[in-house]
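[1] kindly return the folded structure for what I paste below:
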Amino acid sequence: MKKVLLPIFVLVLIACSSRKENKTIPQADVPKALQDNKESSLISISKRSSYDRDLVEELYKEKMKSTPVLQEIEALIDKLNDAEADSLEIYKDFKAKNQQYYNAAGSHLSSIKDSLLKKEIQSVIGRNTLTYNYKISGLNALVSNLNSKSVSVDDRHTILMILISLGMMNEYQDKNLPSSKPIEAVITNYNSLIQKMDSVINKNKRT
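    Predicted structure coming up:
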């Protein structure tokens, strides 16, 4: 029995050694986001909250830190987002106040008991509403155009993150494809172990 245990023990040691050797092989040019010992402290660019790591965003941000043109793009996006919010603030406040007024006017209109007077004032308010809609139509068109530009930038930002991170993944795959030797070594050891066990089993079948 001791003669059997000794080769098995040796095989286990060889397998463990192969696994340890495989883990200690230095990875070539591995981005921090893909390193096993990485302490994830990267902030989500899109401000989305998620319990899962987003390697697209992490890789893109890592690349951005060393790429001036990407830094410039991100800075411009931030500035435009702030400028957009500022430019729409007065517009939204103006529309909200007008909507509040017409809602209140409609509420007061409903309290008028004289049907003829009520219909007359309703007509006045209706004409005024049409005039207001005409006045703000130009601004509404500009805001619609602004929203479409913002959506277009968001789409391109997503595409940019995917393509940049995909290039990094391709490089990682090309340079860090794991060696097959540790796995092949373990398979060889398993084959040796199976042969040893079969040998002992066959001997014991004859007893």
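
[2] center of this structure, which residue is that?
    Asp54 (4.6 Å; Cα atoms, centre = their mean).

[3] any idea of the pLDDT on it?
    Asp54 carries a pLDDT score of 91 in this model.

[4] pull up the gap between it and Tyr101, please.
    According to Cβ to Cβ, to the nearest Å, Asp54 stands 45 Å off from Tyr101. No exception for glycine: its C-beta is placed from N, CA and C like everyone else's.

[5] which element is Lys113 on?
    Taking DSSP states H and E as the definition, one finds Lys113 inside no helix or strand.

[6] how about residues contacting stretch 141-161?
    Ile45, Val56, Glu57, Tyr60, Leu70, Ile73, Ile77, Leu80, Glu84, Ser87, Leu88, Tyr91 (Cβ atoms under 8 Å, 6 or more residues apart in numbering).

[7] report how many residues lie close to Pro68.
    Number of residues near Pro68 (other Cβ atoms under 10 Å) recorded here: 8.

[8] for it, list the residues it contacts.
    With Cβ under 8 Å, 6+ apart as the criterion, no residue contacts Pro68.

[9] report pLDDT for it.
    The model's pLDDT for Pro68 equals 96.

[10] picking that back up, need the max-distance pair from the contacts of stretch 141-161.
    Based on Cβ to Cβ, the longest span within the contacts of stretch 141-161 runs between Val56 and Tyr91 and measures 34.1 Å.

[11] so for those two, which sits in the more crowded spot?
    Val56 (20 against 15).

[12] so for stretch 104-117, first residue to last residue, what's the gap.
    In stretch 104-117, first residue to last residue: 18 Å (Cα to Cα, to the nearest Å).

[13] just how off-centre is it within its chain?
    Distance, stretch centre to chain centre, for stretch 104-117: 53 Å (Cα atoms, centre = their mean, to the nearest Å).

[14] average pLDDT for that stretch?
    95.

[15] okay, buried residues for it please.
    For stretch 104-117, a neighbour-count test (16 or more other Cβ atoms under 10 Å) marks Ala105 as buried.

[16] kindly provide the distance from Glu120 to Ser150.
    Glu120 is 44 Å from Ser150, by Cβ to Cβ.

[17] any idea which of the contacts of stretch 141-161 has the most stuff around it?
    Most surrounded of the contacts of stretch 141-161: other Cβ under 10 Å gives Tyr60, at 25 neighbours.

[18] thanks again, I'm all set now.
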